[in-house]
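S.K.: What follows is a predicted protein model with its sequence.
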Amino acid sequence: MPLPHEPDDASHHGEHPSEHDHAGGEAFSPAHPCVDRAPEGDDGHGHSHGLGDHTTATGKHRKKLVIVLAITASVFLVQVVGAFASNSLSLLADAGHMLTDAAGVTVALLASYVATLPASSRRTFGFQRAEVLAALTNGLILGVIAVTIFIEAIRRFGQEVEIESGIMLAAAVIGALANLVSLLVLRSGQKESLNVRGAYLEVLGDLLGSVAVIIAAIVIWVTGWMVADQIASILIAILIFPRAISLLREVVDVLMEATPKNVDLDATREHLRSVPGVVDVHDVHAWTITSGVPMFSAHVVVAPEALDERGLDAVLCELDACLKEHFETSHSTFQVEPAAHVGHEAHSGQLHS
């Protein structure tokens, strides 16, 4: 998920191909994107404040999710048949996890389509948060499945259970191979999208769960120790639950509009303050609408002489370029204020760091 990040040293020492050296007092270098970029006859207000491409991170990896859904649904049916034929709780638990994966991927796919619906006056960001709500659903389902498996495994202790280890082993091996293929399909997209990451983590847990079932089947086959099935079931539940908590924590951060983890607001503020003519930067906020759509806003105090000499558009362009080039934030909103306006805000109690 591309988000703003603290710039490295190279970004401050002229190594960027379109570097604008604020510390040197230069507004723009000849290669700066703000120089001569407006076409002839343009009014000069070329900096974008829109969301641009409405394709979200999940939308870019939709085909991968479709492939994984087909694999997961097929293996789920195989494991359900195998679980009832072998009377294995751990295999049934793994099948239940597969069903959770299939449901989660289905929700993610539906959300990726809903998220592309156009914005309106009532929903100015469209339905992009639908992806986050889908990830929330996945996390909750994962948690419920983990608790259910754990309770059933505990209930089976002390009961006489006969398990067909051969069928159990064959179904588990099929599940493990399918999960391995799904992991390879999702690997590149899981860093960009919460929903793809959720699906990736679920498949990873399935793979580990299938390995646990394979080991349990071998133990039962060799030793006849049926308790290995319950132990494998508990291990699967333990694997699932922390992943559910991790996914829910990420979702809550987005819904609470927390500053993205790899964003250093202090570094961002200082970089913006280095723009020639900028006196101060306050009311700084960074948050995420959905995976791959970071947002930034700030109040920028500019000296009146800088506005007179350079013009408002030049200052805005320089601020916008700071975020795009050094902090990878394409959507930013700046409220530019003359220095005299600061006194008004301080008097009204609205001045924030």
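M.R.: Right, received. Where do you want to start? Being a predicted model, the structure only gives us computed values, none of them experimental.
S.K.: Below-threshold pLDDT in the stretch 151-300 of the chain: ranges please.
M.R.: With pLDDT under 70 as the threshold, the stretch 151-300 of the chain has low-confidence stretches at 189-195, 291-292.
S.K.: can you map out the strands along it?
M.R.: Taking DSSP state E, counting those that start in this stretch as the test, the strands found in the stretch 151-300 of the chain are 278-290, 293-302.
S.K.: What strands flank the last one, and is each parallel or antiparallel?
M.R.: Based on DSSP bridges, the strands next to strand 293-302 in the sheet, each with its direction, are strand 278-290 (antiparallel), strand 332-338 (parallel).
S.K.: For residue 103, which non-adjacent residue is closest in space?
M.R.: Among residues not flanking residue 103 along the chain, residue 141 sits closest, at 6.4 Å (CB to CB, 6 or more residues apart in numbering). In short, each C-beta sits where N, CA and C put it, glycine included.
S.K.: is it true that that neighbour touches residue 105?
M.R.: No: with the criterion set as CB atoms under 8 Å, residue 141 and residue 105 do not qualify as a contacting pair; they are 11.5 Å apart.
S.K.: what about those two, which has more around it?
M.R.: Here residue 141 and residue 105 are compared on neighbour count by other CB atoms under 10 Å; more neighbours surround residue 105, at 30 against 18.
S.K.: What score does that one have for pLDDT?
M.R.: According to the per-residue confidence, residue 105 scores 78 in pLDDT.
S.K.: Tell me who's in contact with it.
M.R.: By CB atoms under 8 Å, 6 or more residues apart in numbering, the contact set of residue 105 is 65, 68-69, 72, 199.
S.K.: mind listing what's buried in stretch 311-319?
M.R.: Applying a neighbour-count criterion of 16 or more other CB atoms under 10 Å, the buried positions in stretch 311-319 are 314-319.
S.K.: So which of these belong to helices?
M.R.: Counting by DSSP state H, the buried residues of stretch 311-319 place 314-319 in helices.
S.K.: Just put the residues you listed in TSV and tack on distance to residue 285.
M.R.: Converted to TSV, those look like this (distance: CB to CB, whole Å):
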residue	distance to residue 285
314	24
315	20
316	17
317	21
318	20
319	15
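S.K.: Can I get those residues in TSV including distance to residue 287 and pLDDT?
M.R.: Converted to TSV, those look like this (distance: CB to CB, whole Å; pLDDT from 0 to 100):
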residue	distance to residue 287	pLDDT
314	27	83
315	24	82
316	21	84
317	23	83
318	23	82
319	18	84
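S.K.: residues of the stretch of helix or strand the residue nearest to residue 103 belongs to that come out buried?
M.R.: Under the criterion of DSSP states H and E, residue 141 resides in helix 130-156. Neighbour counts over helix 130-156 (16+ other CB under 10 Å) mark 130-139, 141-143, 145-146, 149-150, 152-153 as buried.
S.K.: So which elements touch it?
M.R.: Counting by 3 or more CB pairs under 8 Å, 6 or more residues apart in numbering; DSSP states H and E, the packing neighbours recorded for helix 130-156 are helix 89-114, helix 194-223, helix 227-255, strand 278-290.
S.K.: so how far is the shortest one off the chain centroid?
M.R.: Between the mean C-alpha point of strand 278-290 and the mean C-alpha point of its chain there is a distance of 20 Å (CA atoms, centre = their mean, to the nearest Å).
S.K.: relative to helix 227-255, how tilted is that strand?
M.R.: Compare the direction of strand 278-290 with that of helix 227-255 by axes from the mean of the first three to the mean of the last three CA atoms, to 10 degrees and you get 140 degrees.
S.K.: What residues sit buried inside strand 278-290?
M.R.: For strand 278-290, burial by neighbour count (16+ other CB under 10 Å) applies to 278, 280-282, 284, 286-290.
S.K.: Then the longest one?
M.R.: Under the neighbour-count criterion of 16+ other CB under 10 Å, helix 194-223 has 194-217, 219-220 buried.
S.K.: next one: the third one
M.R.: Applying a neighbour-count criterion of 16+ other CB under 10 Å, the buried positions in helix 227-255 are 228-237, 239-241, 243-244, 247-248, 250-251, 253-254.
S.K.: so what's residue 129 scoring on pLDDT?
M.R.: The predicted local confidence for residue 129 is 78.
S.K.: wait, it sits on residue 289?
M.R.: Yes: look at residue 129 against residue 289 with CB under 8 Å: they come within range, at 6.6 Å.
S.K.: Skipping adjacent residues, who's closest to residue 305 in space?
M.R.: Residue nearest to residue 305 in three dimensions, not counting chain neighbours: residue 277, with 7.6 Å by CB to CB, 6+ apart.
S.K.: okay, now that neighbour: neighbour count?
M.R.: By the criterion of other CB under 10 Å, residue 277 has 20 neighbours.
S.K.: for residue 256, same thing?
M.R.: The burial count assigned to residue 256 is 8, neighbours taken as other CB under 10 Å.
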